[in-house]
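Asks: Could you work out the structure for the sequence below:
(one chain, ligands or ions: 1)
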Amino acid sequence: MGSKCIAVLTSGGDAPGMNAAFRAVVRSALSFGMKVYGVKRGYNGLLHGDLEEMSMRSVSNIMQHGGTALFTARSPEFNTPEGVQKAAATCREKQIDGVVVIGGDGSFRGARDLCEAGVPCIGIPGTIDNDIACTDYTIGYDTAMNTAMEMIDRIRDTTESHDRCSVVEVMGRHCGDIALNTGIATGAIATLVPEVPFDFQKDIVDRMKAAQATGKKHYIVVVAEGVGHTQELTERIQKETGIESRATVLGHVQRGGSPTLRDRVVASRMGYHAVDLLRNGIGNRVVAMKGEDIVDYDITEALSMPRVFDETLYRISAKLSI
Ligand code: ADP
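Replies: Below is the predicted model:
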């Protein structure tokens, strides 16, 4: 039998587009005649009974805003056997027979634990990092990349005026996807990602010198968060090339802002898909994007998939940036 009463929460790091997913879950559930609760501050809301029944209007006018109207949190208390049991008890008390968790890998591990405690859960990938193995796309990724691109365009203006090199660190945790794509989109001379080892002399200094010999006078180097050491790298570049170099860490600016059309539409489709699974009595799944299709996988299977980095695109980016 399918779910009749569900809850939705956002957990872990926030991402632009989470509101569109939340809205889609609420509106889809109500349109199927289900009862739906919005849970505040991730799993903490389940632990402390901080949840509210939603109406069609509860999710009005939020889709265009970054962040999450449900708020989010990291919940160490939930990450214990007692915490999981307490959250499951809240679900039983409110007769919640399905939970949609919008978040990253960590949040999906929590969802798997809650499934094991008897509450069917569906995960929706929401993180700017695009670091979830089972899906080609995570909600927030497009907005974050576009923000990073715009910021680097601005940095390029001043970098060009001063004949400098700007080394820009973008987010992504252990995943180099934001760096790879923004590196291509901003014409970076070098892009460093954690997935591919680099040789400082060959991949940075020699490339800059070869470009300098053809008349290039300013340079952008994009560094993924997972590579880090951006300040040291910058100082070393200046020392080895003689080109004045500056470091910029973009940081949380990439997590905010109005979501792009792509993030809103993918989030809306994923939200609907999650509810459709629960209403058909299917739990313990993660919604994912495969090509342009919305699909779903078993949570445990999804969590054990290896992440694949697009090395072909990385090689192409190196060819274009000289
Ligand atoms: P993200 O979902 O963005 O990867 P976190 O890793 O911070 O973010 O996880 C968010 C929350 O999910 C944690 O605070 C915790 O409540 C829960 N969680 C994370 N890892 C686990 C785990 N291994 N087992 C159970 N719950 C987890």
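Asks: what's the longest helix seen in the chain in contact with?
Replies: For the chain, the helix with the greatest residue count under DSSP state H is helix 141-161. With C-beta atoms under 8 Å, 6 or more residues apart in numbering as the test, helix 141-161 has contacts from 15-17, 66, 127-130, 164-166, 168, 170-171, 177-178, 181-182, 185-186, 188, 217-220, 222, 246, 248, 250, 253-260, 262-263, 266. All C-beta spots, glycine's among them, are computed from the backbone N, C-alpha and C.
Asks: Then stretch 289-309?
Replies: 105, 108-109, 111-112, 115, 121-123, 131-137, 175-177, 180, 193, 195-196, 266, 269-270, 273, 277, 282, 284-288.
Asks: Relative to residue 305, how far out is whichever residue of the stretch 101-250 of the chain sits closest to the ligand?
Replies: With C-beta to the nearest ligand atom as the measure, residue 106 is the residue of the stretch 101-250 of the chain nearest to the ligand, at 1.9 Å. Counting by C-beta to C-beta, to the nearest Å, the gap between residue 106 and residue 305 amounts to 16 Å.
Asks: Now the buried members of the contacts of helix 141-161.
Replies: Buried members of the contacts of helix 141-161, counted by 16 or more other C-beta atoms under 10 Å: 15-17, 66, 127-130, 164-166, 168, 170-171, 177-178, 181-182, 185-186, 188, 218-220, 222, 246, 248, 250, 254-257, 259-260, 262-263, 266.
Asks: of those residues, list those near the ligand.
Replies: If you filter the buried ones among the contacts of helix 141-161 for contact with the ligand, counting by C-beta under 6 Å from any ligand atom, you are left with residue 127.
Asks: so of the buried ones among the contacts of helix 141-161, which ones are in helices?
Replies: Among these, DSSP H puts 177-178, 181-182, 185, 262-263, 266 in helices.
Asks: Tell me the one among those nearest to residue 321.
Replies: Checking these against residue 321 by C-beta to C-beta gives residue 185 as the nearest, at 11.1 Å.
Asks: circling back: same list (the ones in helices among the buried ones among the contacts of helix 141-161) but as a markdown table, adding pLDDT.
Replies: Below are those laid out as a markdown table (pLDDT from 0 to 100):
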| residue | pLDDT |
| --- | --- |
| 177 | 98 |
| 178 | 98 |
| 181 | 98 |
| 182 | 98 |
| 185 | 98 |
| 262 | 98 |
| 263 | 98 |
| 266 | 98 |
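Asks: Just name the closest of the residues you listed to residue 33, please.
Replies: When those are compared for distance to residue 33 (C-beta to C-beta), residue 266 wins out at 25.7 Å.
Asks: from what I can see the closest one touches residue 135, true?
Replies: No. Using C-beta atoms under 8 Å as the test, residue 266 is too far from residue 135 to be in contact (9.8 Å).
Asks: residue of the stretch 201-322 of the chain with the smallest distance to the ligand?
Replies: Evaluated by C-beta to the nearest ligand atom, the stretch 201-322 of the chain has residue 303 as its residue closest to the ligand, separated by 9.1 Å.
Asks: what about residue 91, is that helix, strand or coil?
Replies: What DSSP: H, G, I helix; E, B strand; the rest coil gives for residue 91 is helix.
Asks: Is the nearest residue to it once chain neighbours are set aside within a helix or a strand, and which one?
Replies: Of all residues not flanking residue 91 in the chain, residue 119 sits nearest, at 4.7 Å (C-beta to C-beta, 6 or more residues apart in numbering). Here residue 119 sits in a region with no helix or strand, counting by DSSP states H and E.
Asks: and residue 119, how many neighbours?
Replies: By other C-beta atoms under 10 Å, 24 other residues sit near residue 119.
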